[in-house]
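S.K.: Output the structure for:
(chains A and B)
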Amino acid sequence: MSSKVKITPQIVAEHGLSESEYELICERLGRTPNINELGIFSVMWSEHCSYKSSRRHLGKLLTKGERVIQGPGENAGVIDIDDGDVIIFKMESHNHPSYIEPYQGAATGVGGIMRDVFTMGARPIANLNALRFGEPDHPKTKTLVAGVVHGIGGYGNCVGVPTVGGETNFDKGYNGNILVNAMCVGHARADKVFYSAAKGVGNPIFYVGSKTGRDGIHGATMASAEFDDDSDEKRPTVQVGDPFTEKLLIEACLELMATDVIIAIQDMGAAGLTSSAIEMADKGGVGVHMNLDKVPQRERNMTPYEMMLSESQERMLMVLKPGQEHIAIEIFEKWDLDVAEVGKTTDTGRLVLTHKKKKVCDIPIAPLADDAPNLDRPFTAPAKREILAHDPMFDPVERGSSYNSVLEALLTSPDICSKRWIWEQYDRTVLSDTVDSSQSGGDAAIVRVHGTNKAVAITTDCTPRYCLADPFEGGKQAVAETWRNLTCVGAEPIAITDCLNFGNPERPEIMGQFVYAINGMNEACRALDYPVVSGNVSLYNETNGQAIPPTPAIGGVGLIKDLQKFKSITGAKEGDTLILIGASQGWIGASLFAQIILGFGRDGKPVYAPPPVDLDAEKANGDYVRRLIRDRRVNAVHDLSDGGLAIAAVEMAFANKMGFSLDAQNDLPNYAWLFGEDQGRYLIAVEKYSVNPVISTAHSKGIPAQKIGTVGGAKLIAAGGFDISLNDAHMKYENWLPDYMAS
Amino acid sequence: MKSAVIVFPASNCDRDAADALAKITGRDPLMVWHEETTLPPVDFVVIPGGFSYGDYLRSGAIAARSPIVQDIVRKAGNGLPVAGFCNGFQILTESGLLPGALMRNKGLRFVCRPQKLKIINKTSMFTKAYKDQTEITVPIAHFDGNYFADGETLNRLKKNGQIVFKYDGNPNGSVNDIAGICNEAGNVLGMMPHPERAVDPMHGGTDGIPFFKSVLESLR
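M.R.: Residues are numbered from 1 along each chain as shown, chains lettered A, B, ... in the order given. Predicted coordinates for the structure are as follows:
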């Protein structure tokens, strides 16, 4: 696009700017913008970069805590894990690109989130991903699953960062808009954390990494628009990843960071050179002058517009200490990466760009960043759902079925079945610090801090069907479930990153889902002293007016101080007693049992209220389980989630290759006891001699605890319920996904 | 024992290999950058896993033509012990130090899992410390591990005891379940599994330890 393009209302609209936003630009500039300036405003004010619909609500979240070193606002969050070590982490969406071009969309999502983490000085030590696909029968689903998984593996495996965990759901609500949320966790020393504020005037600005091409132009704008049937035409806006260059970039940056020459560093993510330059300048309170002729270019005759809006991958921008440039140049040349001084920091507070000796952009930085629109969009409260009461007709036997068939149906449901087909395609063991990963079927991945006896526990969680039924309770539950999963391995939960995926915020009911989910999350964060340190908002996840279920994916990180004292889902022994911690009311509303077996929420049948999380009980129960692990009172731990007690016990049986027998009980109808999804509960396996002390100590603290069965044998037995062979059930659980992918 | 680990720009198991060598030999290995033209004087060389130069071409094809690998080829011909894991195995076949080729996995998917292996040649310089152990479990993580060689080569490998490891449960379609082979002289070994990721009970088990101990004992 030539710099001489005349700005017409059509061009303004094509840039995703409203009339009022355009008027505001003219007002701030005191003149009409040229095409380069218009392009820069359009990406900076896109939903993706400016958070214009979400900012005022995100501000409510708890972001401070004893271990928080850096909360939201930087490339990633930073937490203290003692001994001068810090963990840097974030989760981010790459939904729209992955739907259009699953391999590259997912791959560059992984690349982008890793850059956010190593930009701050951390070596990435673990990747996770939270994936939501459409219903299995949808014609696109299988291709999307194959492409996304291949893309995640293709990138992470090459770069050599283990992909240790994640979650995958299938739901009709994602048929036209899948979610690919990638999380990266890195480790750094506390005195070697790097930030993006470009301080000082007259300091050199360096561009390093891949050359700039014409790929991904306007990716941020695409990520801020709804889809329709012609979305495939947007394929050229999807970036292409090069994990080899990313690997070089990681090593080169970490090598440079070990010296003392970097003032500020920022990766070029969404909106590329534009947003990295502006964010650095804005945070540092300086201006920026760049000569675009110096930008390494992959293609000939690139215009300033294209260079500024390109989203070519694997690029970084850094401000160096003057006089030290040669150190950086030497390191980047060693790694065969492009490196060029493209400009200097100034005291003008303006972004000035020159190209072929002509000034092609001259705009004040403040309105672009901090001063970007901050909307107060109208929202409506989500509908209140009724509580689903117990009904004798819910019993499988009354329905002419059996507990065995119900259990099998749940085990072979897309959400519960084994995801081995997915995680076997990810290198989980590179770097040799993976203590536990998806492989065990446990609650959180455990990754050792290299060369130490401590580890981080990591998990991602969200239950979209709860969020759809009640965004407030769903948001609360997603946060609480990550806390619970970290607790299950004996970790001290520290902080979360959030990836908030919602529909079109211009619709008050969608905005309502967003606001209520944030409020729910915030309530859980505050009750559990579990702050948000980083995150990302992805709106406009709609196709042809059909929004996705609200999906606030949460990534939780905790600390295991002593690797001699962690626990997992494995470790149960023949003859161990199973104890249930937490209260059971047999909550069936919005459960998988209600959805899959009873058909609620489908074919016009109503959705009922999801299980509420009692945060006081959550905290008490979790603290107690963590204490039991620390005191070595338990052999194995698993939380109760999708599918309730029955599925938790079966998953533990699969992980230990050992059956169980659950005792008869008379407090609840059997289906509600086995498949109810009450929150804040844990299943633990303990030695016989520990049963009485574990239960009596719990009771003395007011924590519900009861003996419910025994570990052992080759069968899965629930008195008055199912009685089924462990091997048969396991085979069915393992086979669903590979059979589906091969069909 | 003095050892070296070759580092290509996108090697990603170089640290794993170095840690394993340091742990078992008691000495930090030398890390040799791919642009070097001459190996330093060492007793044992490891070509680690990873993606060498990105492997956008055939895995290991470019690395096999790098200056340092040329020197490895020369010195291996004079008896220097060399082991290549995963991408290292691919580089060794591409360089001609080992026969055969590694094709894309039969399932056309990357596969990462703890893998049972049968030790076929228990007297090699890489396996003698396994003693009575005939079966081990070591992690695999690869896309191009489907070993192939023609019938004549396979017969020769078998006859000479060059088949060192076989898969118990073939993960990738390898001919005759071959997981690792050595050259005729027995000083060069390539294998797809990662023994360097199995030297720690906290991580991938300890079945990789005797591998490195075997080399150490053989050189004593």
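
S.K.: Quick check: which element contains B:Asp28?
M.R.: Using DSSP states H and E, B:Asp28 falls within no helix or strand.

S.K.: Check A:Arg28 too.
M.R.: helix A:19-29.

S.K.: starting at the chain centroid, how far to that helix?
M.R.: Its chain's average C-alpha position is 35 Å from that of helix A:19-29, according to C-alpha atoms, centre = their mean, to the nearest Å.

S.K.: Count the residues that sit near B:Lys23.
M.R.: Neighbourhood size, B:Lys23 [other C-beta atoms under 10 Å in any protein chain shown]: 13. Where C-beta positions appear, they are placed from N, C-alpha and C, glycine not excepted.

S.K.: B:Val199 is in contact with that one, correct?
M.R.: Yes - B:Lys23 is within contact range of B:Val199, at 5.8 Å (criterion: C-beta atoms under 8 Å).

S.K.: ok and the residue in chain A nearest chain B?
M.R.: Chain B sits closest to A:Gly160 of chain A, with a gap of 2.4 Å, by C-beta to the nearest C-beta.

S.K.: quick one: contacts for that residue?
M.R.: Applying C-beta atoms under 8 Å, 6 or more residues apart in numbering or on different chains to A:Gly160 gives the contacts A:247, A:427, A:430-431, B:10, B:12-13, B:50-51.

S.K.: Please name the residues that touch residue 180.
M.R.: Just so you know, I chose chain A. Applying C-beta under 8 Å, 6+ apart, the residues contacting A:Val180 are A:93-95, A:98, A:105-106, A:109, A:129, A:131, A:148, A:152.

S.K.: I was after chain B.
M.R.: B:89, B:117, B:163-165, B:189-193.

S.K.: Identify those among those that sit within helices.
M.R.: B:Phe89 (DSSP state H).

S.K.: Return only those of the contacts of B:Gly180 found close to chain A.
M.R.: Applying C-beta under 8 Å from any C-beta of the partner chain, the subset of the contacts of B:Gly180 adjacent to chain A is empty.

S.K.: which one of the contacts of B:Gly180 sits closest to chain A?
M.R.: Nearest member of those to chain A, counting by C-beta to the nearest C-beta, is B:Pro193, at 10.9 Å.

S.K.: what helix or strand does the closest residue in space to that closest one that isn't next to it in sequence sit in?
M.R.: Nearest residue to B:Pro193 in three dimensions, chain neighbours excluded: B:Val138, at 4.2 Å (C-beta to C-beta, 6 or more residues apart in numbering or on different chains). Assessed by DSSP H and E, B:Val138 sits inside strand B:135-142.

S.K.: what residues does chain A put near chain B?
M.R.: Applying C-beta under 8 Å from any C-beta, we find that chain A lies next to chain B at A:150, A:153-154, A:157-160, A:242-245, A:247-248, A:251, A:335-336, A:423-435, A:439, A:448, A:563.

S.K.: ChimeraX command for the buried members of those residues?
M.R.: Entered in ChimeraX, the line below selects the buried ones among the residues of chain A next to chain B, by 16 or more other C-beta atoms under 10 Å in any protein chain shown:
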select /A:150,153,154,157,158,159,160,242,243,244,245,247,248,251,335,423,424,425,426,427,428,429,430,431,432,433,434,435,439,448,563
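
S.K.: helices and strands around the strand holding B:Val138, which ones?
M.R.: When contacts are defined as 3 or more C-beta pairs under 8 Å, 6 or more residues apart in numbering or on different chains; DSSP states H and E, strand B:135-142 sits against strand B:111-119.

S.K.: Tell me which residue in chain B sits closest to chain A.
M.R.: Nearest residue of chain B to chain A: B:Asn12, at 2.4 Å (C-beta to the nearest C-beta).

S.K.: I'd say that residue and B:Asp55 touch.
M.R.: No - if you go by C-beta under 8 Å, B:Asn12 and B:Asp55 don't touch, sitting 11.3 Å apart.

S.K.: of these two, who's got more company?
M.R.: The residue with more neighbours, out of B:Asn12 and B:Asp55, is B:Asn12; 27 against 22, by other C-beta under 10 Å.

S.K.: Now do the contacts for the more buried one.
M.R.: A:158-160, A:247, A:430-431, B:48-51.

S.K.: ok, now A:Ile387?
M.R.: Taking C-beta under 8 Å, 6+ apart, we find A:Ile387 in contact with A:589, A:608-609.

S.K.: and if we set it to 6 Å?
M.R.: The contact partners of A:Ile387, taken as C-beta atoms under 6 Å, 6 or more residues apart in numbering or on different chains, are A:589, A:609.

S.K.: what about the helices in the stretch 251-400 of chain A?
M.R.: A:272-284, A:304-309, A:325-334 (DSSP state H, counting those that start in this stretch).

S.K.: Quick one: those as CSV, columns for distance to A:Leu674, mean neighbour count and mean pLDDT too.
M.R.: Shown next, in CSV, are these (distance: least, C-beta to C-beta, whole Å; neighbours: other C-beta atoms under 10 Å in any protein chain shown; pLDDT from 0 to 100):
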stretch, distance to A:Leu674, mean neighbour count, mean pLDDT
helix A:272-284, 51, 25, 93
helix A:304-309, 55, 25, 92
helix A:325-334, 60, 17, 96
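
S.K.: Any idea which of these gets closest to B:Val111?
M.R.: With C-beta to C-beta as the criterion, B:Val111 lies closest to helix A:325-334 of these, at 33.6 Å.

S.K.: For the closest one, C-alpha coordinates in PDB please.
M.R.: Output in PDB follows, covering the C-alpha atoms of helix A:325-334 (Å, rounded to 0.1, in the frame of the first residue of the first chain):
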ATOM      1  CA  GLU A 325      26.200  -2.700  20.600                       C
ATOM      2  CA  HIS A 326      29.100  -4.800  19.300                       C
ATOM      3  CA  ILE A 327      28.500  -7.400  22.000                       C
ATOM      4  CA  ALA A 328      24.900  -7.900  20.800                       C
ATOM      5  CA  ILE A 329      26.000  -7.900  17.200                       C
ATOM      6  CA  GLU A 330      28.600 -10.600  17.800                       C
ATOM      7  CA  ILE A 331      26.200 -12.900  19.600                       C
ATOM      8  CA  PHE A 332      23.400 -12.600  17.000                       C
ATOM      9  CA  GLU A 333      25.800 -13.100  14.200                       C
ATOM     10  CA  LYS A 334      27.100 -16.200  15.900                       C
END
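
S.K.: Which elements pack onto it?
M.R.: Contacts defined by 3 or more C-beta pairs under 6 Å, 6 or more residues apart in numbering or on different chains; DSSP states H and E place helix A:325-334 against helix A:243-257.

S.K.: tell me the contacts of A:Asn175?
M.R.: Per C-beta under 6 Å, 6+ apart, neighbours of A:Asn175: A:134, A:138.

S.K.: for it, phi and psi?
M.R.: A:Asn175 adopts backbone torsions of phi -50, psi -40, taken as degrees, to the nearest 10.

S.K.: Likewise for A:Arg627?
M.R.: phi -70, psi -40.

S.K.: ok, it - how many residues close by?
M.R.: A:Arg627: 13 neighbours (other C-beta under 10 Å).

S.K.: if I look at it, how far off is A:Asn621?
M.R.: 11 Å (C-beta to C-beta, to the nearest Å).

S.K.: hang on, the earlier thing: TSV please, covering the contacts of A:Val180 and showing pLDDT and neighbour count.
M.R.: TSV is the format used below for those (pLDDT from 0 to 100; neighbours: other C-beta atoms under 10 Å in any protein chain shown):
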residue	pLDDT	neighbour count
A:Ser93	96	28
A:His94	95	33
A:Asn95	96	25
A:Ser98	95	29
A:Gly105	95	25
A:Ala106	97	30
A:Gly109	95	26
A:Asn129	97	31
A:Leu131	98	26
A:Val148	98	27
A:Ile152	98	30
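
S.K.: For chain A, which element, helix or strand, carries the lowest mean pLDDT?
M.R.: helix A:219-222 (a mean of 57; mean pLDDT, DSSP states H and E).
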